[in-house]
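Engineer: Sequence first, predicted model second:
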Amino acid sequence: MAQMKKKLDANRLNLKDEVVSINRVTKVVKGGKNMSFAALVVIGDPGEGVVGYGSGKAKEVPQAIRKGIEAAKKNLFKINLTATTIPHQVLGHFGAGSVMLKPAPEGTGIIAGKTVRAVMTSAGVQNVLTKSLGSANPHNVIKATFDALIQLRNKAEVAALRGKSVEEL
């Protein structure tokens, strides 16, 4: 289900960033090996329910992180949330990775692995149960998590799709 995404202005949001993974990558060339660093970064505004991810590569770690943050600012999504959790259970896929997100009652907290937890805290979800299935590669897990988050619908959207009023649901 493709969703039309509106361009969000990163400057007016109170964005917090979290580095998910840093990877040392090497390119073998004629004169030896060229080392660089790849950083995977998640940014979000927990108050607004806005979250995004980006990847950056550079010769030094801080520059790679900075590039990742810039890339993430161009890739922000608004997520449909209820008060402190998600509206319904959802399964997101990307490549060999799948991520299941399940709403949880107040006081549960975020039950998730490192990668999914970074996305959930950045999005402002406080209570959620998650399970990462298949690939453990952070890139695939993050993309699968975003696939799941984009599928979330609020009651008004579901009512509109079914041609009913919110009260009828």
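Structural biologist: Structure received.
Engineer: Please identify the helix or strand for the closest residue to M100 other than its chain neighbours.
Structural biologist: Of all residues not flanking M100 in the chain, K131 sits nearest, at 4.6 Å (CB to CB, 6 or more residues apart in numbering). (Each C-beta comes from the backbone N, C-alpha and C, glycine too.) Taking DSSP states H and E as the definition, K131 sits inside strand 128-134.
Engineer: tell me which residues of that strand are tucked away?
Structural biologist: Within strand 128-134, the residues that qualify as buried are 128-130, 132, counting by 16 or more other CB atoms under 10 Å.
Engineer: again with stretch 51-69
Structural biologist: Neighbour-count burial for stretch 51-69 flags 51-56, 58, 64-69 (criterion: 16+ other CB under 10 Å).
Engineer: can you pull up the bridge partners for V128?
Structural biologist: With DSSP bridges applied, V128 shows beta-bridge pairing to P103, I110.
Engineer: I'd say it and R117 touch.
Structural biologist: No - at 9.5 Å, V128 does not count as touching R117 under the criterion of CB atoms under 8 Å.
Engineer: before we move on, back to that, among the buried residues of stretch 51-69, which are located in strands?
Structural biologist: Among the buried residues of stretch 51-69, the members falling in strands (DSSP state E) are 51-56, 58.
Engineer: Which positions in stretch 30-46 come out as buried?
Structural biologist: Result for stretch 30-46 [16+ other CB under 10 Å]: buried residues 36-46.
Engineer: again, but for stretch 92-112
Structural biologist: Buried-residue list, stretch 92-112, by 16+ other CB under 10 Å: 92, 94, 97-101, 103-104, 110, 112.
Engineer: Convert the C-alpha atoms of the worst-scoring helix or strand of the chain on mean pLDDT to PDB, please.
Structural biologist: Least confident helix or strand of the chain, by mean pLDDT, DSSP states H and E, is helix 155-162 with a mean of 75. Provided in PDB are the C-alpha atoms of helix 155-162 (Å, rounded to 0.1, in the frame of the first residue of the first chain):
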ATOM      1  CA  LYS A 155      -9.800   5.200  13.000                       C
ATOM      2  CA  ALA A 156     -10.700   8.200  10.700                       C
ATOM      3  CA  GLU A 157      -8.700   6.700   7.800                       C
ATOM      4  CA  VAL A 158     -10.200   3.200   8.200                       C
ATOM      5  CA  ALA A 159     -13.700   4.700   8.400                       C
ATOM      6  CA  ALA A 160     -13.100   6.700   5.200                       C
ATOM      7  CA  LEU A 161     -11.800   3.600   3.400                       C
ATOM      8  CA  ARG A 162     -14.900   1.600   4.400                       C
END
